[in-house]
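>>> Please work out how this folds:
(4 chains)
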2 protein chains.
Amino acid sequence: MEASATLRYLTEHGVKPSVQRLAVMEYLLEHHTHPSADEIYSALHPQMPTLSKTTVYNTLKLLTEQGAAIQLTIDERNVCFDADTSNHAHFLCTRCGRVFDIMLHNRAADAAPEMPEGFTVEQTAIYFRGCCRECACQQHEHKADC
Amino acid sequence: MEASATLRYLTEHGVKPSVQRLAVMEYLLEHHTHPSADEIYSALHPQMPTLSKTTVYNTLKLLTEQGAAIQLTIDERNVCFDADTSNHAHFLCTRCGRVFDIMLHNRAADAAPEMPEGFTVEQTAIYFRGCCRECACQQHEHKADC
DNA sequence: AACCAACATTGTAATTATTACAAATAAGTT
DNA sequence: AACTTATTTGTAATAATTACAATGTTGGTT
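Residues are numbered from 1 along each chain as shown, chains lettered A, B, ... in the order given. Predicted coordinates for the structure are as follows:
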């Protein structure tokens, strides 16, 4: 991802760019690991020693408000983020803690339940928890299958 | 709800009863407000001055492990709990912070996406966020409709 | 260029949810 | 009763997040 693409992405979402915002956004666009604020800070800090953790929090708040990223509350330990705002679900492996993307086939949208009268839905999240392939293999000591 | 029903509920879920566990379980069975650990503690503490917040946390952990309650991570501010373990979704009103139950018609189950090879799902959560009826009415100053 | 206002960033301190842990209590067993 | 095991309690530690005031930056205006 070149810097210009990140810049365009920010401006398209109504986010005034800055060095810090570009760094956070670019990290999210390049890493699909659903990082937490702290993980983003730790990754960027070595290259940007003056970066403040508060700025990372502020930026992530702004990005989600502007629809440039989504916030996941799948892991009770901390909130994490995803630059992929398309309609998809997430899977948390309770063994290794990693979050995986789960594609939704179109039928899932059809099945949306009806809301009570007067309720307006602004966001939908579908979260799964369980055991990912690698952790399942390690448990059964069939590591060769992974 | 009589105390004996709560007692039966606990033993049916393999939870050895105690005064504290009965109190927490009974609170959850009687209140469908999806309380947090702190809310449960604050509600029970006046009647049970020696109750410790740690016990509430320990009990809630035990109850979810034993399937007597479920843990919701819909609200990033804190985890909350529900004694209704049947298949249903939740709606968080981002205005008032209340969590509402959303019934799922059967079609929703059919639409479950397929997991990647080797992934095992142990829990599924469907969370909606938006504006509840009361908050929508207050916003438009049509309080009479609520 | 100097100035100014609006906005963004920084660092520290405060807040809050949750967990760790060791001592005290209660329950169950011989 | 003596003893073992499980539970509860209170305090202290941890960790995520937010509040806030000071500093720095930007873009427009004279």
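>>> going forward, measure contacts between C-alpha atoms and count neighbours the same way
Noted.
>>> A strand includes residue A:100, no?
Yes - the assignment for residue A:100 by DSSP: H, G, I helix; E, B strand; the rest coil puts it in a strand.
>>> and it, how many residues sit next to it?
Using other C-alpha atoms under 10 Å in any protein chain shown, residue A:100 has 17 neighbouring residues.
>>> quick one: it and residue A:82, what's the gap?
Applying C-alpha to C-alpha, to the nearest Å, the value for residue A:100 to residue A:82 is 11 Å.
>>> try residue A:103
14 Å.
>>> From the neighbour counts alone, determine which of those two ranks first.
residue A:82 (22 against 16).
>>> Quickly list what that one is bridged to.
Beta-bridge pairing for residue A:82 (DSSP bridges): residue A:70.
>>> Assign a three-state SS to residue A:39, would you?
Residue A:39 is classified as helix under three-state DSSP.
>>> Now do it: how many residues are near it, please.
For residue A:39, the neighbour count with other C-alpha under 10 Å is 13.
>>> Report the closest residue of chain A relative to DNA strand C.
As assessed by C-alpha to the nearest atom of the strand, DNA strand C sits closest to residue A:51 within chain A, at 3.6 Å.
>>> who's in contact with that residue?
Applying C-alpha atoms under 8 Å, 6 or more residues apart in numbering or on different chains to residue A:51 gives the contacts A:20, A:41, A:44, A:45.
>>> got a winner among those residues for most neighbours?
Highest neighbour count within the contacts of residue A:51, by other C-alpha under 10 Å: residue A:41, with 21 neighbours.
>>> can you tell me which residues contact it?
Counted by C-alpha under 8 Å, 6+ apart, residue A:41 has contacts A:51, A:52, A:53, A:56.
>>> List buried residues within the residues you listed.
The neighbour-count test (16 or more other C-alpha atoms under 10 Å in any protein chain shown) marks A:51, A:56 as buried among the contacts of residue A:41.
>>> Dump the contacts of residue A:41 to JSON lines, plus pLDDT.
What follows is the contacts of residue A:41, written out as JSON lines (pLDDT from 0 to 100):
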{"residue": "A:51", "pLDDT": "97"}
{"residue": "A:52", "pLDDT": "98"}
{"residue": "A:53", "pLDDT": "98"}
{"residue": "A:56", "pLDDT": "98"}
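>>> which one of the contacts of residue A:41 is nearest residue B:88?
Minimum distance to residue B:88 across those is 34.8 Å, recorded for residue A:56 (C-alpha to C-alpha).
>>> how about low-confidence regions in chain A?
Scanning chain A for pLDDT under 70 picks out A:1, A:106-111, A:137, A:140-146.
>>> tell me which parts of chain A are close to DNA strand C?
For chain A, the contact set with DNA strand C under C-alpha under 7 Å from any atom of the strand comprises A:16, A:18-21, A:50-55, A:58-59, A:76.
>>> switch to 6 Å and redo it
Residues of chain A lying close to DNA strand C (C-alpha under 6 Å from any atom of the strand) are A:16, A:18, A:19, A:20, A:21, A:50, A:51, A:52, A:54, A:55.
>>> Residue A:77 looks like it's in a helix, true?
No - assessed with three-state DSSP, residue A:77 is coil; it does not lie in a helix.
>>> And the residues of chain A next to DNA strand C, which two are furthest apart?
Farthest-apart pair in the residues of chain A next to DNA strand C is A:16 and A:50; separation 19.9 Å (C-alpha to C-alpha).
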